[in-house]
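*Asks:* One predicted model, sequence on top.
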Amino acid sequence: MAPRKMSPPKAVIFDIGGVVVHSPLEGVRKYEQKHGLPRDYLNIVIQAKGENGAFQRLERGELALEDFFPAFGADLSDGVGNRDAYAAWAESKGIDVGNIPKITVDGKELFTMMMTEASTVDDNMVTAIKNLR
């Protein structure tokens, strides 16, 4: 039996963040470095906030940007629940975190750093996409 000839694709779907443009998580990493926060702390806390976190509410359109910034900062700033979530994650990875310092997060500064990364196009991916045509 002869191999079946495949027709060319009609469409290609790309994940934008971290593929076509840089990942906003790189902005989070840079914020953590700049402010001396433990690596992955902010990502773990954002996830721990669950569906009621400011970031998740912004994604669903439930918060205006001007209301989001202070809510985002408050979500991520010092709190026993935040430290506990990070400590549990670190323990599951075999990481000794020691004493987690008091943390205050500027929601606007962090989000700006995230969106700066997320608006940076990966030129290699753009070239690859153009070559698909």
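*Replies:* The structure has been received and is ready for your questions.
*Asks:* burial of Tyr86, as a residue count?
*Replies:* By other CB atoms under 10 Å, the residues close to Tyr86 number 23. C-beta: built from backbone N, CA, C; applies to glycine.
*Asks:* Also Ala2?
*Replies:* Neighbours around Ala2, by other CB under 10 Å: 4.
*Asks:* same deal with Asp84?
*Replies:* 12.
*Asks:* does it belong to a helix or a strand, and which?
*Replies:* Following DSSP states H and E, one finds Asp84 within helix 80-92.
*Asks:* ok, now Met125?
*Replies:* Assessed by DSSP H and E, Met125 sits inside helix 123-132.
*Asks:* And that helix, how far out from the chain middle?
*Replies:* Here helix 123-132 is found 24 Å from its chain centre; the criterion is CA atoms, centre = their mean, to the nearest Å.
*Asks:* Pull the residues that contact the helix holding Asp84.
*Replies:* Residues from elsewhere that reach helix 80-92, judged by CB atoms under 8 Å, 6 or more residues apart in numbering: Pro38, Asp40, Tyr41, Ile44, Val45, Gln47, Ala48, Leu76, Asp96, Val97, Ile100, Ile103.
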